[in-house]
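Colleague: quick one, what's the 3D model for this:
(3 chains)
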Amino acid sequence: MLSAESTGNGTIVDDLFARFGAGLFVVQPTVDNTPTLWVAAGELLEVLSFLKPHYPMLYDLFGIDERQREHRSGLPAADFAVVYHLLSLKPVAEIRIKVSVIEPEGEVPTAIGIWPNANWYEREAWDMFGIRFSGHPNLRRILLPPTWEGHALRKEHPARATEMEPFSLSEERQEYEQEALRFRPEECGMETASADTEYMFLNLGPNHPSVHGVFRIALQLDGEVVVDAVPDIGYHHRGAEKMGERQTWHSYIPYTDRIDYLGGVMNNLAYLQAVETLAGIEVPPRAKVIRIMLAELFRISSHLVFYGTFAQDLGQMSPVFYMFADRERLFGIVEAITGARMHPAWFRIGGVWQDLPEGWDKMVREFIDFMPARLDDYDKMAMQNSILKQRCVGIGSYSAQEAIDWGITGPSLRATGVDFDLRRDRPYGGYDQFEFEVPTANNGDCYDRAVVRVEEIRQSLRIIRQCLDNMPEGLYKSEHKLTTPPPQEATLHDIETLIHHFLSVSWGPVMPAGEASSLIEATKGINSYHLVSDGGTTSYRTRIRTPSFPALQQIPLISRGLMIPDLIAILASIDFVMADVDR
Amino acid sequence: MSETTATIIFALVVLLGAVSAAAVLTWFERRLLGIWQDRYGPNRLGPLGIFQVLADMLKLLTKHDWVPPFSDRVVFVFAPTALVVAMMMGFAVVPFSETLYIIDIDIGLLFFLGMTSLAVYAVLLGGLASNNKYALLGGLRSAAQMVSYEVFMGLSLMGVVMLTGSFSLQAIVLAQVDGWYCFSQILGLYVFLIAGIAESHRLPFDLPEAEHELTAGFHTEYSGMKFAMFMLGEYLGLILISCMITTLFFGGWLGPDWLPGLFWFSLKTFFFICFFILLRAAIPRPRYDQLMSLGWKVLLPITLLNLVITGALALSLQGAS
Amino acid sequence: MTGSTTAELIPFIVYFGGVILLVLTMLGLSFVLGQRRTNKATNTPYESGVVAVGTSQIRLSVEFYLIAIIFVIFDLETVFIFAWAIAFFELGWQGYFAILVFIAMLGVALVYAWRCGTLEWGVKTRVGLEAKDN
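Modeller: Numbering: from 1, shown residues only, chains lettered A, B, ... in the order given. As a prediction, this is how the structure comes out:
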């Protein structure tokens, strides 16, 4: 189920060549050494089907506008590329399949038949690039409003407000936009009545207390029973991927903080690992441990918000207040170290911004000594509460197979019994130096998803204690020439290095051309940034793969047939952040 | 006649007292929850923030007095009014002390049950008249939930009636001189407590409202003073239920002689008000069908069992004495 | 204690009048003092901030009527228990056994309703996606 047999990275390409013939593929070298193969659209589905037993998860699917890319010698002609990023969990392995799309007739067959979660990803690629997927049942816009003109991630689409007409919203326009948002049951093939009842159609969200931001689910209800649910996203879309194409590699860091806005520097880490792979920077040990410590602090912070709102959405009023008080303590540490609280943007290309301040260890120690007792209290208060259990146990469950089919990662995957954690199974950024357990549960229901996250808080505390006890001495950022901003000693050495500093701060560092992504185990699942550098000061394409996106796509599967309060429990348990979904 | 005059004055005191108590309770609840939850609650206006009540009142008074054009206008306005009236009338039969009560009628207990039933209709009508989907769902929940708990609420009190032999609340208090009913009617108390929360539709049984599910449930379309009246009705209900628990199970105004009955009555009632508020802070909300199952499958059999046991024991003891 | 004369009713009537007056004052004051404002969306029903689909005036599934029906049955039957409770000691053991039979019948009715599944409102299970996509 996780992977048919252990086909290593080297051999799967050979297997493909043996099966389909080497002439069918164009191998693209990538900086991150992930096998990347171009195939023709005609053979795509066969190749994907062949790969599925080895790589059971469609980890990501996205488009790239290839038309203005300069460094693409040796690659097939393409106006656009569609990238299928596949993942095997055991052993951890990735592969990318790319398909070229030539305008205007170019089409790609839909992969929904192989992976159900291709649905939303293909809609996104259509929305952003206008790439058509033949056979897709519902190729509509997903992130941008239905009234949008053009495809936003195409290179010719304006990226800055100054390139467009000034924005204004007249009353007529507002009414037009509102009307465009009206839910039309018939478009989704829904009946308005059954033999003995009429169905009610209810918009749950975008403005609703339990959708954790702006998220809409259009419900078809029989009384309180959810007959069908249609999730609608895009209300929090800010064009983060487009912004990546005009911000320098360095100045994009603060934008990443705001993707999973509860994850803070965890986002920096996902982005910077990819940048550092492109640049070939090895981060010094002290910086690695500092990064891990901060990232784990933010994992705790994010899980505490989950825990509190989970209880709150089930009608338990108090835990969220206690947990936010704990989170305040934690933010106190983050603030002492980074100067900011929720969005520190503190990691830098090649390390972190500053060394740890004096007295940081005392603060961290106080916190990790204080937390376990609190967690025990919360266990009694919330997790062992019988009403809360009744609301969650057996509700909203999915199997391990379903989780993998739908691209679910992180705690929501581990709740189904899949023992998979990138930090342990393919350690990145220095995690191989740490001892911790990977909590799992068996039923994959709302309760188990909470149980796993609660246990992860304890494990994070354990990791932080190891950081505290074994913090290495040394540099807090690399001496590599692309480290931004460069170490000050290097800057003041001579005029050449000063100019270099000046350039990389004012124009931004220049990354060598290439493609790389780096998967990390973020707070809500696997997060990664696929970066394409065309040898400039900005990224040519920034693709942000977030764990929340596939989780929402799965909602109809697990909520149909249940009642509204169950749907609320499901929403509370999958721990999503709309900024993380819409980007 | 002077006695009647005194009672009239007392009636007016109850009238203003109940409304003021409910208003102050909005502040008190927030402060108490604040203490419980490591935070402050409203503490800006006046000593301990008590003038928050006035500020809220002024704000609500100056809000747009809006009646949705798509609603059933008459019923829409009538519903919160009926709730407040029903709850206020419930206080008419409460014996605050041996001498302080508005009226002591034979059927005091039935009158109380009748008034709480009216409150059910108020919530139901408010939900249905709004012509809003969230309100409709809230209205349906309230109909199912409150109507079911109606049954158990009445039945749970029959043990008390059996032992007293009267529906008069004053008689019930006096019958407890030798021992409060909270011991002999422990099962009745248990059911009445739960049914009381369900009837006053407060967390954890606030399913008709269920903020996290139905945004505001039956009062989604209510704003300004009509919203305030629903809130007032809820807090009056809370006080009334506390008064009734005190009266029916905890000896009402009975207490040591060195302080007046009114004091003991208030003290006990205050205790139960705090209990209900803290209950709200502590317990999650069950699902609608779980609440209904609890009612029909657990509470109803318990009430019936209570009647059977109470009857057998009381008759045996009477025969023995 | 028992039996209400007209004099005893007067405070009650005054109280009732007071309550009505209070409620009318509240409504009246807010009508007079309340601001008036009309925006484009003021007169539309709330549905999480988007335009509503369909109406709320719909035919509902049968389970809601079942609750209403069992409520009517049980509430009616409790009335008999009320009548017995008030005269409990006067009726003695004879009345007790009579009502015991009645309660037993009520219990049987409850068990019947339970077995029929009338009391199941929430044994809802996941349906899954079938062949349908959105």
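Colleague: tell me which residue of chain B lies closest to chain A.
Modeller: Residue nearest to chain A within chain B: residue B:285 (2.5 Å; CB to the nearest CB). The C-beta positions use only the backbone N, C-alpha and C, and glycine is treated the same way.
Colleague: nearest residue to that residue other than its sequence neighbours?
Modeller: Counting by CB to CB, 6 or more residues apart in numbering or on different chains, residue B:285 lies nearest to residue A:315, which is 2.5 Å off, once chain neighbours are set aside.
Colleague: list the residues that contact that neighbour.
Modeller: B:203-204, B:206, B:210, B:212, B:283-286 (CB atoms under 8 Å, 6 or more residues apart in numbering or on different chains).
Colleague: tell me the one of the residues you listed nearest residue A:570?
Modeller: residue B:212 (12.5 Å; CB to CB).
Colleague: is the host helix or strand of the closest one anywhere near chain A?
Modeller: Using DSSP states H and E, residue B:212 sits in helix B:211-214. Yes - using CB under 8 Å from any CB of the partner chain, we find that helix B:211-214 touches chain A at B:211-214.
Colleague: for burial, what's the neighbour tally of the residue lying closest to residue A:144 once chain neighbours are set aside?
Modeller: Nearest-residue entry for residue A:144: residue A:127, 5.6 Å, with adjacent residues in sequence omitted and distances by CB to CB, 6+ apart. Neighbour count of residue A:127, defined by other CB atoms under 10 Å in any protein chain shown: 24.
Colleague: which residues are contacting the worst-scoring helix or strand of chain C on mean pLDDT?
Modeller: Ranked by mean pLDDT, DSSP states H and E, the weakest helix or strand in chain C is helix C:63-86, scoring a mean of 79. With contact meaning CB under 8 Å, 6+ apart, helix C:63-86 is reached by A:223, B:110, B:140, B:143-144, B:147-148, B:150-151, B:154-155, B:158-159, B:161-162, B:165-167, B:292, B:296, B:300, B:307, C:91, C:95, C:98-99, C:102-103, C:106, C:109, C:113, C:118, C:121.
Colleague: look up how far chain C lies from the residue nearest to residue A:80 when sequence neighbours are not counted.
Modeller: Nearest in space to residue A:80, with sequence neighbours left out and distances taken as CB to CB, 6+ apart, is residue A:101 at 4.2 Å. Separation of residue A:101 from chain C (CB to the nearest CB, to the nearest Å) stands at 23 Å.
Colleague: and residue A:460, by the same measure?
Modeller: Relative to chain C, residue A:460 is positioned 32 Å away (CB to the nearest CB).
Colleague: for residue B:305, same thing?
Modeller: Counting by CB to the nearest CB - residue B:305 and chain C are separated by 9 Å.
Colleague: that residue - that's part of a strand, no?
Modeller: No - with DSSP: H, G, I helix; E, B strand; the rest coil as the criterion, residue B:305 is located in helix rather than a strand.
Colleague: give the closest residue to it in space, chain neighbours not counted.
Modeller: Setting aside the residues directly before and after it, residue B:305 is nearest to residue B:187 in space (CB to CB, 6+ apart), at 7.0 Å.
Colleague: residue contacts, the one you found?
Modeller: If you count contacts by CB under 8 Å, 6+ apart, residue B:187 has them with B:156, B:159, B:302-303, B:305-306, B:309.
Colleague: now the element after the helix or strand that contains residue A:270, going C-ward?
Modeller: Element membership for residue A:270 (DSSP H and E) is helix A:265-279. The element immediately downstream of helix A:265-279 (helix or strand, assigned by DSSP H and E) is helix A:285-313.
Colleague: give the buried residues for the helix or strand just after that following helix.
Modeller: Next helix or strand after helix A:285-313 toward the C-terminus (DSSP H and E): helix A:319-338. By 16 or more other CB atoms under 10 Å in any protein chain shown, the buried positions in helix A:319-338 come out as A:319-324, A:326-327, A:330-331, A:333-334, A:337-338.
Colleague: now check the host helix or strand of residue A:202, is it near chain B?
Modeller: Assigning secondary structure by DSSP H and E places residue A:202 in strand A:200-204. Yes - contact between strand A:200-204 and chain B, assessed by CB under 8 Å from any CB, occurs at A:200, A:202.
Colleague: pLDDT of that strand, averaged?
Modeller: The pLDDT scores in strand A:200-204 average 84.
Colleague: next one: stretch A:150-157
Modeller: The model assigns stretch A:150-157 a mean pLDDT of 89.
Colleague: sorry, back to before: closest to chain C out of the contacts of residue B:187?
Modeller: residue B:159 (7.9 Å).
Colleague: just checking, next helix/strand downstream of the host helix or strand of that closest one?
Modeller: Residue B:159 belongs to helix B:158-164 when assigned by DSSP H and E. Using DSSP H and E, the helix or strand that follows helix B:158-164 in sequence is helix B:169-174.
Colleague: state the next helix or strand along the chain beyond that next one.
Modeller: By DSSP H and E, the next helix or strand past helix B:169-174 is helix B:181-184.
Colleague: need the residues of the stretch 151-300 of chain B near chain A, please.
Modeller: Neighbours of chain A within the stretch 151-300 of chain B, by CB under 8 Å from any CB: B:203-204, B:206, B:210-215, B:280-290.
Colleague: which stretches in the stretch 1-150 of chain A count as strands?
Modeller: Per DSSP state E, counting those that start in this stretch, the stretch 1-150 of chain A carries strands over the ranges A:26-28, A:36-39, A:57-65, A:80-88, A:93-101, A:107-109, A:132-134.
Colleague: can those strands go into TSV with extra columns for mean pLDDT?
Modeller: Shown next, in TSV, are the strands of the stretch 1-150 of chain A (pLDDT from 0 to 100):
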stretch	mean pLDDT
strand A:26-28	86
strand A:36-39	89
strand A:57-65	91
strand A:80-88	91
strand A:93-101	90
strand A:107-109	89
strand A:132-134	89
